[in-house]
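Participant: Generate coordinates for the sequence data below:
(4 chains)
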Protein chains: 2
Amino acid sequence: MDAVDQAILRRLQRDGRQTNRELAEAVGIAPSTALERTRALRARGVITGFHAAVDPVTLGRSVQALISIRIRPQSREAIENTRDIMAALPETLGVFVVTGNEDILVHVAVPSTAYLRDFVLDRLARRKEFVDVRTTVVFDYVQPVEQSELPASEDRYRRSPYA
Amino acid sequence: MDAVDQAILRRLQRDGRQTNRELAEAVGIAPSTALERTRALRARGVITGFHAAVDPVTLGRSVQALISIRIRPQSREAIENTRDIMAALPETLGVFVVTGNEDILVHVAVPSTAYLRDFVLDRLARRKEFVDVRTTVVFDYVQPVEQSELPASEDRYRRSPYA
DNA sequence: TCGCTCGTCGAATAAAGTTCGGCGGAGAGG
DNA sequence: CCTCTCCGCCGAACTTTATTCGACGAGCGA
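Facilitator: Model (predicted):
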């Protein structure tokens, strides 16, 4: 993970479809080397895949929400099952398994608040293992286009630069 | 947005780097048509971009958290500023602007719990416009590889199939 | 200093993206 | 019911790109 790898990672997060030549020139190496570097990043598991980003609004899903769910019994099996079931729903954008009062947080995108109400009341609140379901409307959700390197580095790696 | 467009969207979300020929064959159209369809999806804003997905753990960021922040004064300006500042931090994976007790939810990935503590205490809790900061550890975060179409369709579009 | 190793390079080859003229089906108007 | 028009689809030609692979050279250990 030298500076070149970081530059490649940064650029591929911004645009995963730029040509290999373009990428190579931008980071200052030969195309064949860029190809090899990118392959290595994939092989090492740093890059897990390339995906098209879709705008939910253009698909008629303009309402987003975060749904907190408290699950009882609080067993590994129950929570992992719920996580997978929620992730498989077409409404779901993401699922967090969290500490705190609630066990799971589900990020969904739906067409309307009426749809959201029916979804929550008919699909979630009815389940008896969900002892508490709380819904929060999401006004805005932004994701950085790139997941940059942390300021801490070298010998201070894994430690905080804010201490 | 016919069935072919949906198939293209589904496949490109799974793998944004498959060849156009492969995509064309899979959805049953000519490569030139697949290219035109994909272009149209981009032009219409359905596809907003192509991005490499990066695994935070391989970059030494194995701890994830959700940080709830209550902001006062609760002005549009203060909240939008905070949203943008948080999104620009290297630790940040995503920012939600939400209803409820808190105003903003920040999803971060950091190297350790010690790093998280310093980040929260030194970078966030010190700000006087943040009147409440609560941190929740994320055990697991999963995202569906594809954002599928909702069951409701045709004349029932925008309405819930669960009513 | 010598020899080994590994990353890099660049040219050759294979494969893919891209363009564009023409074809054909669907729908509107007569 | 017929005909005209329009639009999307197709496929071959062309351009650009990805990919392979043998060789070079810097860095390092012996």
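Participant: any idea of the pLDDT on the residue of chain A most remote from its centre?
Facilitator: Computed with Cα atoms, centre = their mean, the maximum C-alpha offset from the centroid of chain A is found at residue A:30, amounting to 32.2 Å. Per-residue confidence for residue A:30 comes out at a pLDDT of 97.
Participant: for residue A:1, what are its contacts?
Facilitator: Contact partners of residue A:1, counting by Cβ atoms under 8 Å, 6 or more residues apart in numbering or on different chains, are A:46, B:59. No exception for glycine: its C-beta is placed from N, CA and C like everyone else's.
Participant: swap in residue A:89?
Facilitator: Listed by Cβ under 8 Å, 6+ apart, the contact set of residue A:89 reads A:108, A:123.
Participant: What of residue A:56?
Facilitator: By Cβ under 8 Å, 6+ apart, the residues touching residue A:56 are A:62, A:64, A:93, A:109, B:147.
Participant: Mark which of those are part of strands, please.
Facilitator: When the contacts of residue A:56 are checked against strands (DSSP state E), the matches are A:64, A:93, A:109.
Participant: ok, so of the residues you listed, who is nearest DNA strand D?
Facilitator: Taking Cβ to the nearest atom of the strand as the measure, residue A:109 is the one of the ones in strands among the contacts of residue A:56 closest to DNA strand D, at 26.7 Å.
Participant: Wait, the closest one touches residue A:66, no?
Facilitator: No. With contact defined as Cβ atoms under 8 Å, residue A:109 does not count as touching residue A:66 (11.0 Å).
Participant: circling back: compile the ones in strands among the contacts of residue A:56 into CSV and extend it with columns for pLDDT and neighbour count.
Facilitator: Listed next are the ones in strands among the contacts of residue A:56 as CSV, based on pLDDT from 0 to 100; neighbours: other Cβ atoms under 10 Å in any protein chain shown:
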residue, pLDDT, neighbour count
A:64, 98, 22
A:93, 98, 20
A:109, 98, 24
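Participant: which of those residues are close to chain B?
Facilitator: On the criterion Cβ under 8 Å from any Cβ of the partner chain, A:93, A:109 are the entries of the ones in strands among the contacts of residue A:56 that sit beside chain B.
Participant: Let me know the closest of the ones in strands among the contacts of residue A:56 to DNA strand C.
Facilitator: Nearest to DNA strand C among these is residue A:93, at 27.3 Å by Cβ to the nearest atom of the strand.
Participant: which one is the closest one nearest to, not counting chain neighbours?
Facilitator: residue A:107 (4.5 Å; Cβ to Cβ, 6 or more residues apart in numbering or on different chains).
Participant: Pairing partners for the longest strand that chain A contains, with directions?
Facilitator: Among all segments of chain A classified by DSSP E, the strand with the greatest residue count is strand A:130-142. Sheet pairing of strand A:130-142 (DSSP bridges) gives strand A:63-71 (antiparallel), strand B:92-98 (antiparallel).
Participant: Export the ones you listed as JSON lines, with columns for distance to DNA strand D.
Facilitator: Putting these into JSON lines (distance: least, Cβ to the nearest atom of the strand, whole Å) gives the following:
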{"stretch": "strand A:63-71", "distance to DNA strand D": "29"}
{"stretch": "strand B:92-98", "distance to DNA strand D": "28"}
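Participant: ok, and the closest non-adjacent residue to the residue farthest from the centre of chain A?
Facilitator: Once flanking residues are discounted, residue A:30 sits nearest to residue A:24: 6.0 Å by Cβ to Cβ, 6+ apart.
Participant: Buried residues, stretch A:106-123. List them.
Facilitator: Judged by neighbour count using 16 or more other Cβ atoms under 10 Å in any protein chain shown, the buried positions of stretch A:106-123 are A:106, A:107, A:108, A:109, A:110, A:111, A:115, A:116, A:118, A:119, A:120, A:123.
Participant: next one: stretch A:18-27
Facilitator: Taking 16+ other Cβ under 10 Å as the basis for neighbour counts, the residues of stretch A:18-27 that come out buried are A:23, A:24, A:27.
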